[in-house]
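[1] Below are the sequence and a predicted model for it; my questions follow.
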Amino acid sequence: MIDKTCSDQASGLRYMSSMKKTKVIAVTGGKGGVGKTSVSLNTAIAIAQTGKSVLVLDADLGLANCDVMLGLRVDKNLSHVLSGEAELDDILVEGPGGVKIVPATSGSIDMVELSPAQHAGLIRAFSEMKTPVDVFIVDTAAGISDMVLSFSRASQEILVVVTDEPTSITDAYALIKILNRDHGVAKFKVVANMVRTLKEGQNLFKKLTLVTDRFLDVNLELTAIIPFDENLRKAVRRQRAIVDAFPRSPSAIAFKTLATKIDHWPVPAHASGNLEFFLEQLVN
Ligand SMILES: Nc1ncnc2c1ncn2[C@@H]1O[C@H](COP(=O)(O)OP(=O)(O)OP(=O)(O)O)[C@@H](O)[C@H]1O
């Protein structure tokens, strides 16, 4: 028994040291419709276009829509991996720039309420994945459900997408507050989306920090300002990503700038840089 435990630990350690580091980023925002999926996909594709291997987890498990947004055909999803019918590598769908998407189009999976067997199965599925991953982007659902909090808390970086509407700002504040108060998260990167001018983006950030500075001990950074862009809507209607369909459009340029920034973020040297560590955090 002891021998088995030791050998499990040893192989686990060997495995950990052989693993490539992955940047894990959650894209969240509190309010629905602020552009989380648009930010996740376009940023992921822009990073993939630079030659990096990027995986997007569509973590809006009830209403997953990354595949629909890109007009991709999905045969199998994460529930097939959990039931043992498919390997993770087999369900990945490839989008523009070679970006890979983990389709999770099943309302029946609740990632935070997995049975121990499913938990182990999920970690094993990611451990055994042959597809290398430099950047793992998790597109979370709207709201402040346990699942959104778990995904955010387990990620190394949290991108909070906000728009210049009072409800978006109050929902983003509520999300930041809970992540800080209940989960000890102190660092957030803000993406001001659908703004008409740079100034509007900066003012929006100020409105948010006015309340966070007053009531919370958190550090917010304005990481990206994405302009309102009619071409983005046109691209969505055509089931294309703007960085692919209209690469010179203002929002596409802003997504590429964000991608370059992310590329320069350091990969943590410790275990939190591993995909498996993220999953452990997620389900524990
Ligand atoms: N910068 C932008 N300029 C113009 N339209 C945008 C921009 N960003 C997002 N949109 C539009 O806003 C709508 C909502 O975007 P998206 O689906 O990405 O939001 P979401 O936060 O993921 O929504 P949900 O919470 O429903 O998952 C879409 O129609 C999208 O085309």
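    That came in fine, so what should we check first? Numbers count the residues shown, from 1 in each chain.

[2] From here on, just use CA atoms for contacts and neighbour counts.
    Will do.

[3] Any residues of the stretch 1-150 of the chain in contact with the ligand? List them.
    The stretch 1-150 of the chain comes close to the ligand at residues 32-38, 141-142, as judged by C-alpha under 6 Å from any ligand atom.

[4] ChimeraX command to pick out the buried ones of these?
    Remark: buried members of those, expressed as a ChimeraX selection using 16 or more other C-alpha atoms under 10 Å:
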select :34,35,36,37,38,141,142
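
[5] In the residues of the stretch 1-150 of the chain next to the ligand, which has the lowest confidence score?
    Ranked by pLDDT, these bottom out at Ala141, which scores 79.

[6] Near the ligand, which residues of the stretch 151-284 of the chain are found?
    Near the ligand, when you scan the stretch 151-284 of the chain using C-alpha under 6 Å from any ligand atom, you find 193-194, 226-230, 232-233, 236, 251.

[7] any chance of those residues in TSV, with neighbour count too?
    Formatted as TSV, these follow (neighbours: other C-alpha atoms under 10 Å):
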residue	neighbour count
Asn193	26
Met194	21
Ile226	27
Pro227	23
Phe228	16
Asp229	17
Glu230	12
Leu232	23
Arg233	15
Val236	17
Ser251	25
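
[8] Which of the residues you listed fall within strands?
    193-194, 226-227 (DSSP state E).

[9] for these, which one is nearest Pro266?
    Ile226 (23.0 Å; C-alpha to C-alpha).

[10] low pLDDT regions in the protein?
    Applying pLDDT under 70 to the chain flags the ranges 1-20, 61-64, 105-114, 119, 268-274, 276, 283-284.

[11] Tell me which stretches of it form helices.
    Secondary structure of the chain (DSSP state H): helices at 2-18, 36-48, 66-69, 78-82, 88-91, 116-127, 146-154, 166-183, 198-215, 230-237, 242-245, 250-264, 275-283.

[12] Quick check: which of these is buried the most?
    Neighbour counts (mean count of other C-alpha atoms under 10 Å) averaged over each of the helices of the chain peak at helix 36-48, with a mean of 26.

[13] tell me the angle it makes with helix 230-237.
    90 degrees (axes from the mean of the first three to the mean of the last three C-alpha atoms, to 10 degrees).

[14] Centre of the chain to helix 36-48, how far?
    Helix 36-48 has its C-alpha centroid displaced from the chain centroid by 9 Å (C-alpha atoms, centre = their mean, to the nearest Å).

[15] who touches that helix?
    Applying C-alpha atoms under 8 Å, 6 or more residues apart in numbering, the contact partners of helix 36-48 are 27-29, 54-56, 65-66, 95-99, 137-140, 161, 241-244, 252, 255-256, 258-260, 263.
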